[in-house]
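Enquirer: Provided below for reference: sequence and predicted model.
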Amino acid sequence: MIDAGVDWAGFALAVLLIELTPGPNMAWIVTLTLSQGRRAGLGAIAGIALGLAANAVLSVIAASLILGQGAGLERAVSLLAAAMMAWLAWEAWRDAGISSTAQPPRSDSPRHALAGFVINFLNPKSALFLITVMPQFVTGGRPSLGQGLSLAAVSVTIATAVHCALVLGAGRARGALMAEARARAVRRVLALAMLGVGVWFASKAF
């Protein structure tokens, strides 16, 4: 049964905007697949998905603890979410990656899955995104543990689907990533969309 207190479509769109913005995870997956084959790329995706899932579970628990401290925090979280989206929009506009703050592992690494897990599990941007943005799509701004875990599952599923699409279409994806003019235009369109979402978050705080 679908939870009517959650804006599933809105949250999915926000996650998709983030995941479609080119970043280190994208570049690594495409390079790895082209150099070592789809099996290597899929192995990396498995590690990334597990890392994102573990990160998400901890983020949901943290969000529950933070939002349980008092109603006054809801406005602060909305403003922080707006600032988070504005920051991501600025990074995208400057052609910076957002999928991971760590340097992507070399394509000749024998432990692609482990590398993908560690980098994404320790990614503070993923955690901050869920902690601040997730409540904006839940009625009352205080997601239950079940709602939080469900939203986290949606986030990981969308990220994994995008990564799988990259592996399956690696040749074409590399062309898109390497075409700087095209990639820059895409990033800037996505940046403006993220900024618009951030403005909406800020308006909810007042």
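Expert: Looks like it came in fine.
Enquirer: identify each buried residue in stretch 7-21, please.
Expert: 7, 11-12, 14-21 (16 or more other Cβ atoms under 10 Å). Backbone N, C-alpha and C define where each C-beta goes, glycine included.
Enquirer: just stretch 132-152 next, same as before
Expert: Here stretch 132-152 shows 132-138, 141-143, 147-148, 150-152 as buried, counting by 16+ other Cβ under 10 Å.
Enquirer: buried sites along the longest helix along the chain?
Expert: Criterion DSSP state H: the longest helix present in the chain is helix 38-67. Applying a neighbour-count criterion of 16+ other Cβ under 10 Å, one finds 40-53, 55-57, 59-60, 63-64, 67 buried in helix 38-67.
Enquirer: give the rounded mean pLDDT of that helix.
Expert: The average pLDDT for helix 38-67 rounds to 90.
Enquirer: so for the nearest residue to residue 20 once chain neighbours are set aside, what's the pLDDT?
Expert: In space, and not counting its chain neighbours, residue 20 is closest to residue 190: 6.1 Å by Cβ to Cβ, 6 or more residues apart in numbering. Residue 190 is assigned a pLDDT of 76 by the prediction.
Enquirer: who are the contact partners of residue 190?
Expert: 17, 20-21, 92 (Cβ atoms under 8 Å, 6 or more residues apart in numbering).
Enquirer: CSV for those, including distance to residue 27 and pLDDT?
Expert: Converted to CSV, those look like this (distance: Cβ to Cβ, whole Å; pLDDT from 0 to 100):
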residue, distance to residue 27, pLDDT
17, 18, 89
20, 14, 86
21, 12, 81
92, 15, 72
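Enquirer: nearest to residue 121, of those?
Expert: Lowest distance from residue 121 to the contacts of residue 190 (Cβ to Cβ) belongs to residue 21, with 20.4 Å.
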